[in-house]
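Undergrad: What would the 3D arrangement of this be:
(one chain, ligands or ions: 1)
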Amino acid sequence: MKASAFSYARATSVANALELLVAYGDKAKVLSGGQSLIPAMNLRLISPELIVDIGEITELRGIAVRGGVLRVGALTRHVDLLRSPEIAAYAPLLTEAIAHVAHPAIRNRGTLGGSLAHADPAAELPASMVALNATIVVRGQARERRIAARDFFTGIYETALSAQELLIGVELPIAQKSSAHFFHEFARRHGDYAIAGLAAQAIVRGGLFTDLRAAFFAVGDRPILAKAATKLINVGVTPTVLAEASATLAAELDPQEDQQASAAMRRHLAKILLARCVSALLGRPDLTPGGTL
Ligand SMILES: Cc1cc2nc3c(=O)[nH]c(=O)nc-3n(C[C@H](O)[C@H](O)[C@H](O)COP(=O)(O)OP(=O)(O)OC[C@H]3O[C@@H](n4cnc5c(N)ncnc54)[C@H](O)[C@@H]3O)c2cc1C
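TA: Predicted structure coming up:
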């Protein structure tokens, strides 16, 4: 199938893009890497009247560290995140997560902003932003808003962005010396969307978690920052403590059922992921089901 007829505008600046978005309202769509937008248009899931191509706005591209904060522009491509020494040094969870996003051809064009605005609940980057406690920066004509990642994702393909706003970039606190991370997903093939996944960022001191942000994906309508993880903070983690946290996790998740997995299977996989995460980050193979990582 081919997309319905549409008009095309190449925005010359953020201000110009916002003028177009305000003029067309819900009838306009922003184009970044096009890796999700164009397939959706070709399938006629959406039929915007105007495409606002922001690909030439260089101020939206790039990775910089300033004042203890890692800033990443919305137009930064997946491949640039994967190869960035700053990301590897200051947010290594992201380097690991991005390697699971699709395939090289898609990573060469897909962008961080596009992935976050698209808000697929099975995508790796939204959950990574929640785990990393990122701030999402969005701009409209009247004002700029800074939204905590955990509040940005509001449902399946839904975010706090309005049709008249642009996602400008993200700000990430840089990893501390005692930071540790875990990323794993279950997928049919490497590069597929996950059936269930976990991105986690922790601080481990003296064999204890003093912080643990465990963001699950593909097990709900948005990335889920597990409350169950708080049961593992500042306590000696025994198999009993882990089993309690695991039961809490199963109760707080509300996974969807589809052709890939039942809700019960997704809950089960989430519990396995939590156990592997805790075991790996604390260096405790005894906590992993079966004793292996
Ligand atoms: C075969 C295939 C496999 C894939 N597998 C995966 C996978 O395993 N994991 C994964 O996470 N992704 C996967 N993707 C999606 C890919 O990562 C996309 O690149 C990403 O979801 C969207 O990024 P984009 O820059 O291409 O955005 P676009 O397609 O250009 O835009 C996506 C949406 O976001 C909006 N948007 C884009 N940028 C902005 C902005 N700055 N401000 C406001 N709104 C904006 C657009 O209007 C559109 O609604 C896959 C895609 C394909 C085609």
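
Undergrad: Near the ligand, which residues of this structure are found?
TA: Residues of the chain lying close to the ligand (Cβ under 6 Å from any ligand atom) are 29-37, 39, 54, 74, 101-102, 106, 110-111, 113-115, 117-118, 120, 123-125, 161, 166-167, 191-193. C-beta: built from backbone N, CA, C; applies to glycine.

Undergrad: Just the residues you listed: which are in helices?
TA: Counted as lying in helices by DSSP state H, out of the residues of the chain next to the ligand, are Leu37, Pro39, Ile106, Gly113, Gly114, Ser115, Ala117, His118, Glu124, Leu125.

Undergrad: can you tell me the distance between the two ends of stretch 113-122?
TA: The straight-line separation of the ends of stretch 113-122 (Cα to Cα, to the nearest Å) is 16 Å.

Undergrad: for stretch 179-197, same thing?
TA: 20 Å.

Undergrad: What are the buried residues along it?
TA: 179-187, 193-197 (16 or more other Cβ atoms under 10 Å).

Undergrad: for the ones in helices among the residues of the chain next to the ligand, which one is nearest the ligand?
TA: Nearest to the ligand, judged by Cβ to the nearest ligand atom, of these is Gly114 at 2.1 Å.

Undergrad: How about the closest one: what's its closest non-neighbour residue?
TA: Spatial nearest neighbour of Gly114, excluding adjacent residues (Cβ to Cβ, 6 or more residues apart in numbering): Ser32 at 3.8 Å.

Undergrad: which residue is nearest the centroid of the chain?
TA: In the chain, the residue lying closest to the centroid (Cα atoms, centre = their mean) is Pro126, at 1.5 Å.

Undergrad: show me what contacts that one?
TA: Contacts of Pro126 were listed using Cβ atoms under 8 Å, 6 or more residues apart in numbering, and they are Ser115, Leu116, Ala119, Asp120, Ala149, Phe152, Phe153, Phe217, Arg222, Pro223.

Undergrad: Strands along this structure, start to end?
TA: Along the chain, the segments classed as strands by DSSP state E run 7-10, 28-31, 50-53, 63-66, 69-73, 135-139, 144-148, 153-155, 158-159, 166-173, 179-186, 196-205, 208-217, 224-225.

Undergrad: Touching the fourth one from outside, list them.
TA: Right, strand 63-66. In contact with strand 63-66 (Cβ under 8 Å, 6+ apart) are residues Leu70, Arg71, Val72, Gly73, Thr76, Asp80, Leu81, Ser84, Glu86, Ile87, Tyr90, Ile174.
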